[in-house]
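Peer 1: Could you look at this predicted model? Sequence included:
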Amino acid sequence: MNKFGLLLSTAIIGFAQPAWAAQDKGSDQTAKPAAKPASGAQTFSTGVARGRDLLDSAISTSIIAGDEIEHYSARSMGEVLRNMAGIRVEYHTDDAQTNLTVRGLPMAGSGSKYIQIQEDGLPVVEFGDLFAATALAFVRSDINIGSVEAIRGGSASTFASNSPGGVINIISKNGRDTGGALELSTGINYGENRVDADYGAHLAQDLRFHIGGFYRQGSGPRNTGISDAFRGGQVKFNITKDFTGGYVRLYGKWLDDVTPAYTLVPVGVSGSNDSPTHANLPGFSANKDTLFSRYQPTYQVNGSDNKPYTANFKDGFHAKSRAIGLESQIELGGWTLNEKLRYTANSGEWAHLYPVMAAPASAVSAFFAGPSASLKWATGPYAGTTITSPSTINGNGMLAAVLALKMPIRSMDVLANDLRASRVWKAGHADITTTAGLYYSQQSIANSILAASVLYSVAGGGNAALVDLTTATGIPMTQGGIYGYGSTFAGQASTVDLDAKVRVLAPYGSINWKQGKWALGASVRYDSTKTTGLAASALTGRGAGFAAYDWNGNGSISRPESLTSVIPLSSPVPLNYTVNYASYSAGVNYRISPLTSVFGRYSRGGRASADNIMFTPAINFANGTLANPAAGYSPVDQIELGWKWRDQALTVNLTGFWAEAKETNLQYVASTNGIALKTIARKYRAYGSELEASYKRGIFSLSGSVTYSHARIVADSTDATVVGNKPRRQADFIYQIIPQLQQGAWSAGVNIVGTTDSYAQDANKLKLNGYTLVSPYVAWQPYQRVTLRVNVNNLFDKLALTEASDASMPATGVTLARTINGRTLSASLRYDF
């Protein structure tokens, strides 16, 4: 609370101060896309020293205007970002689990390792791939958004920390334009009701504000057995004081939102590794059902204090985020000073069902209990009843071994401050722009990973039930469907408790020279990342991973009770290490004509490792220092060559790229026991091109992009067999296109996104089929301020897989996969005022 008070006091002082004198009025980095002057110039402000015309900038960028988002039929932020060139997005509609990367850089873990997600110019969290929550877990798409800017490669590595692949900046409206909207929307074929509202205006000539947010509730697009699997919302607010030469702005955010965690589900697979066919199992739709159950809303697990803890799985991912920030710009003595300061209190909890095996019931029972084992319903309407025909359970005869994971997030708070000063100098006919800045952040990572190992039936409609398993000799292998009160199915004691802080200090600077048609620039950054804290887990070798506990209080210890995961809280690893690295970038741009330009750039950036190495051999568990300094950060080298064209009707950006990255990370992989946590240390290389274009003529407009990536694993210190292979889930082509028509009160369009084939795992055996998703919309304005809209997402109900756990065709004919949601229809009524 002291940090909130400090920021609020600073803001009040800033609003009370008289305006600073200056020669020119400062430019407010407004939330709306930069207006195009008569010349057609378009400026860009994310990941660069100063906003400038894109045809004079040696960078690759994309901008989505806030009012374009409603055309995408998007149900989450991930579905918005999939429309940006070069960005590969794995989205599953629930905001908490979107993965993204750029230009062939690997997606070895989860989240967004190489791309930093920002709101209004500062990171949502410093590291986008934290194990318990990704950056987008604390971000929601609503009508507060003025625009979304993305820079790929280029100066992103020097104007932000931990962003060598790029920066995506979600920029809020700020009251420059008076007005607002009220929008009511509902799911036609799924359960969700939502209200969005916003309003912005001038309180005085030099004082403006904006406020907005949303609230929603409903079961969502998949069957979970939970009537309010989606519930919650957010409010964002800002107020801006303008003065000669700049502005000062105070802003805040309040988010409290619950979304279900859609993870892997069983999917039928047949054919061959090179040409697989995926299909729904009888009684279970892979893109409409989940393993969540109305019969099992809670589980008993061993808590982070090694005491019994009731884990509520109804909450899915419960995200809480409260932020207060201050932003200002002033002109002083010819210098432009920019200050951004924000404290964000992020917390919550993540409950999800992670299946590690799905197979015919006879195979599962034999695997865990030997031949001739018997099955009995543990929960549901038939609880206590013997299963006499396992091959016909729920019409598919399947059972799933599932890790019921609960991750309480005590704190993912982040304090971030970015101060920079820039000045334009005249040198003959040339303009020389110099910039110097200092960035500081402190990221808290305080969370636990708790688990229970359970046996589930595979049933749609939220009707899955737990199953008890007994050996042929009468020994119970489960207790109420629980095989172990811990991470038994992971094959190791992987429950953990982490309480760490990561501090980043990064001075940076740049110099840019522009004369006539030529523009040259170079920038440098030096990141020093200090990690301290305590990491407790049997994975570190400090203490036993399992112990016995009498969960049912009957005075005896059953086999499941003997497999209770414990955290060695009395012997944590004292984390204490520092990682230092330099980033730099240099580029040249030539303006061939007022309509076109070419550019080239070389960049080297880095991404400091966060919690993905804290329980691996990269750490010296004796003293908490780095055992392998190379694992402390992942360097990325990139080369770009590009051509840009812009006239009144047509915009084209064509960029060729080459990238090389080294990284240490963790992956969940299939194993003989179900699943295992694997450490990887690799070098990747990718090259390709991206084409982004838009065209408008009369009532017709067309925009889209296509990205080609030739990516390979070129070195691996732990598994030489994957060298030369494609990284898992990396397609050669990703694409999106949006044709639209607008005539009078009517408008219609279709958002088409797709990908070509990829491999499920790095072994490059079993393929994931490519897919094309078609999502149309139609809108009608019966009155001037009233809009009726119908959106369809995934019109043809395509079964699209974004990942699968098996490296090769499974003998059981069933794989575990993440899928994109099936067809959903929504309708909305909007009133603008």
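Peer 2: Perfect, thanks for sending it.
Peer 1: Which strands or helices does the strand or helix carrying R423 pack on?
Peer 2: Secondary structure from DSSP states H and E places R423 in strand 414-427. For strand 414-427, the packing partners by 3 or more CB pairs under 8 Å, 6 or more residues apart in numbering; DSSP states H and E come out as strand 122-123, strand 335-360, strand 430-457. (Each C-beta comes from the backbone N, C-alpha and C, glycine too.)
Peer 1: Quick check: which of these is buried the most?
Peer 2: Burial of those is given as mean neighbour count (mean count of other CB atoms under 10 Å); strand 122-123 ranks first at a mean of 26.
Peer 1: strands paired with it, and their directions?
Peer 2: Here strand 122-123 has these sheet partners by DSSP bridges: strand 115-119 (antiparallel).
Peer 1: chain center to the partner strand: distance?
Peer 2: Distance, stretch centre to chain centre, for strand 115-119: 9 Å (CA atoms, centre = their mean, to the nearest Å).
Peer 1: Then stretch 795-811?
Peer 2: 21 Å.
Peer 1: Just the terminal-to-terminal distance for that stretch.
Peer 2: 32 Å (CA to CA, to the nearest Å).
Peer 1: Check the average confidence over it, would you?
Peer 2: Averaged across stretch 795-811, the pLDDT comes to 96.
Peer 1: do stretch 379-386 as well
Peer 2: Throughout stretch 379-386, pLDDT has a mean value of 96.
Peer 1: Then stretch 747-764?
Peer 2: Stretch 747-764 shows a mean pLDDT of 97.
Peer 1: ok, E663 - contacts?
Peer 2: P106, A108, K113, R607, S634, I680, A681, R682, Y684 (CB atoms under 8 Å, 6 or more residues apart in numbering).
Peer 1: who's in contact with the second one?
Peer 2: Contacts were defined as CB under 8 Å, 6+ apart; by that measure A108 touches E663, N665, Q667, I680, R682, P727.
Peer 1: Looking at the residues you listed, which is nearest D797?
Peer 2: D797 has its nearest neighbour among the contacts of A108 in P727, at 29.2 Å by CB to CB.
Peer 1: Tell me how far that closest one lies from D762.
Peer 2: Note on P727: its distance to D762, by CB to CB, to the nearest Å, is 6 Å.
Peer 1: Overlap in contacts, those two.
Peer 2: The contact lists of P727 and D762 share I713, where a contact means CB under 8 Å, 6+ apart.
Peer 1: Compute the number of surrounding residues for D637.
Peer 2: D637 has 16 neighbours, counted by other CB atoms under 10 Å.
Peer 1: For whichever strand or helix holds it, name the packing helices and strands.
Peer 2: Using DSSP H and E, the element containing D637 is strand 633-646. Where contact means 3+ CB pairs under 8 Å, 6+ apart, strand 633-646 is packed against strand 573-593, strand 596-608, strand 650-671.
Peer 1: Quick check: buried residues in that strand?
Peer 2: Under the neighbour-count criterion of 16 or more other CB atoms under 10 Å, strand 633-646 has Y633, S634, P635, V636, D637, Q638, E640, G642, K644, W645, R646 buried.
Peer 1: May I have the phi/psi pair for K113?
Peer 2: Main-chain dihedrals, K113, degrees, to the nearest 10: phi -60, psi -40.
Peer 1: so what's it closest to, chain neighbours aside?
Peer 2: D129 (4.3 Å; CB to CB, 6 or more residues apart in numbering).
Peer 1: Could you do G480 as well?
Peer 2: Distance criterion CB to CB, 6+ apart; nearest residue to G480, sequence neighbours excluded, is A378 at 5.2 Å.
Peer 1: Kindly calculate the angle that the one helix or strand I64 maps to makes with strand 650-671.
Peer 2: I64 is part of strand 60-65 when elements are defined by DSSP H and E. Strand 60-65 runs at 100 degrees relative to strand 650-671, counting by axes from the mean of the first three to the mean of the last three CA atoms, to 10 degrees.
Peer 1: helices and strands around strand 60-65, which ones?
Peer 2: So strand 60-65, by 3+ CB pairs under 8 Å, 6+ apart, packs with strand 145-152, strand 650-671.
Peer 1: Now do the buried residues in that strand.
Peer 2: S60, T61, S62, I63, I64.
Peer 1: Which parts of the stretch 1-150 of the chain are helices?
Peer 2: Secondary structure of the stretch 1-150 of the chain by DSSP state H, counting those that start in this stretch: the helices cover 2-16, 77-81.
Peer 1: least reliable of those helices going by mean pLDDT?
Peer 2: Averaging pLDDT over each of the helices of the stretch 1-150 of the chain puts helix 2-16 lowest, since it has a mean of 44.
Peer 1: lowest-confidence helix or strand of the protein?
Peer 2: Between all helices and strands in the chain, the lowest mean by mean pLDDT, DSSP states H and E belongs to helix 2-16, at a mean of 44.
Peer 1: Could I get the contacting residues of the residue nearest to G480?
Peer 2: L455, A465, L466, V467, D468, T478, G480, G481 are the contacts of A378 under CB under 8 Å, 6+ apart.
Peer 1: from the chain's centre, how far out does the host helix or strand of the fourth one sit?
Peer 2: By that I understand V467. Assigned by DSSP H and E, V467 falls within strand 467-470. Its chain's C-alpha centre and that of strand 467-470 lie 37 Å apart, by CA atoms, centre = their mean.
Peer 1: which residues are contacting that strand?
Peer 2: Against strand 467-470 from outside (CB under 8 Å, 6+ apart): 361, 365, 368-369, 373-378, 387, 399, 455-457, 476-481, 483.
Peer 1: and if we set it to 6 Å?
Peer 2: Here strand 467-470 makes contact (CB atoms under 6 Å, 6 or more residues apart in numbering) with 365, 368-369, 373-376, 378, 455, 457, 476-478, 481.
Peer 1: neighbours of N306, just the number please.
Peer 2: Neighbour tally, N306, other CB under 10 Å: 18.
Peer 1: ditto for V706
Peer 2: V706: 17 neighbours (other CB under 10 Å).
Peer 1: circling back to that earlier point, can you tell me which of the contacts of strand 467-470 end up in helices?
Peer 2: Counting by DSSP state H, the contacts of strand 467-470 place S365, F368, A369 in helices.
Peer 1: wait, the last one sits on M477?
Peer 2: Yes. Contact criterion CB atoms under 6 Å: A369 and M477 qualify, at 4.7 Å.
Peer 1: neighbour count winner among these two?
Peer 2: Taking other CB under 10 Å, A369 and M477 do not tie; A369 has more neighbours (22 against 19).
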